[in-house]
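Asks: no FASTA, just this:
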């Protein structure tokens, strides 16, 4: 925690893509801000000293039930620092995004969700980049904010440094 009361943490996120080119997003809300919802990628905070790639694999398992080896993830492809209020406190989260690809129709579970996730997440859905672009155009919050373009532009194999995103 920063001296000004801002909670800070590092996070790993997974851009989960299926064989149809869709991305899996979860929809969340903040109990401290009723009625506001937003869509975002799978992932979450890293424990102290936990490597980013291993945290991404752990979060993928917890939030979707999918088992992946750390070396199966591509990236990190993007990095961002997000600042937002959550549960009444300001937060600053530095995120690294990895890509993982699965077959279309791969079954998912919510069995690893924490009590906080059950309280703050209310939907999980696969989105085609065009659908996602329409969603963003309608004014629905999606993070990263340019996710439709970013997903549509991902190459089959990532071999570059991570790109900064908003």
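Replies: Received the coordinates, thanks. Nothing here was measured: the structure is a model prediction, and the numbers come from that model.

Asks: secondary structure element for the residue nearest the centre of the chain?
Replies: Among the residues of the chain, residue 41 comes closest to the average C-alpha position under Cα atoms, centre = their mean, at 2.3 Å. Of the helices and strands defined by DSSP states H and E, residue 41 is found in strand 37-45.

Asks: relative to strand 37-45, how tilted is the helix or strand following that strand?
Replies: Following strand 37-45 in sequence order, the next helix or strand is helix 52-64 (DSSP H and E). Here the directions of helix 52-64 and strand 37-45 differ by 130 degrees (axes from the mean of the first three to the mean of the last three Cα atoms, to 10 degrees).

Asks: Going C-terminal from helix 52-64, what's the next secondary structure element?
Replies: strand 74-86.

Asks: hmm, back to that, in the strand holding residue 41, what's buried?
Replies: Buried residues in strand 37-45, counted by 16 or more other Cβ atoms under 10 Å: 37, 39-44. Every residue, glycine included, has its C-beta placed from N, CA and C.

Asks: helices or strands up against it?
Replies: If contacts are counted by 3 or more Cβ pairs under 8 Å, 6 or more residues apart in numbering; DSSP states H and E, strand 37-45 sits against strand 7-17, strand 23-29, helix 52-64, strand 89-101, strand 121-127, strand 141-143.

Asks: so how many other residues sit close to residue 12?
Replies: 27 (other Cβ atoms under 10 Å).

Asks: what residues are up against it?
Replies: 43-44, 46, 52-53, 55-56, 59, 95-96, 98 (Cβ atoms under 8 Å, 6 or more residues apart in numbering).

Asks: Identify, from those residues, the entry nearest to residue 68.
Replies: Distance to residue 68, by Cβ to Cβ, is smallest for residue 56 among those, at 8.4 Å.
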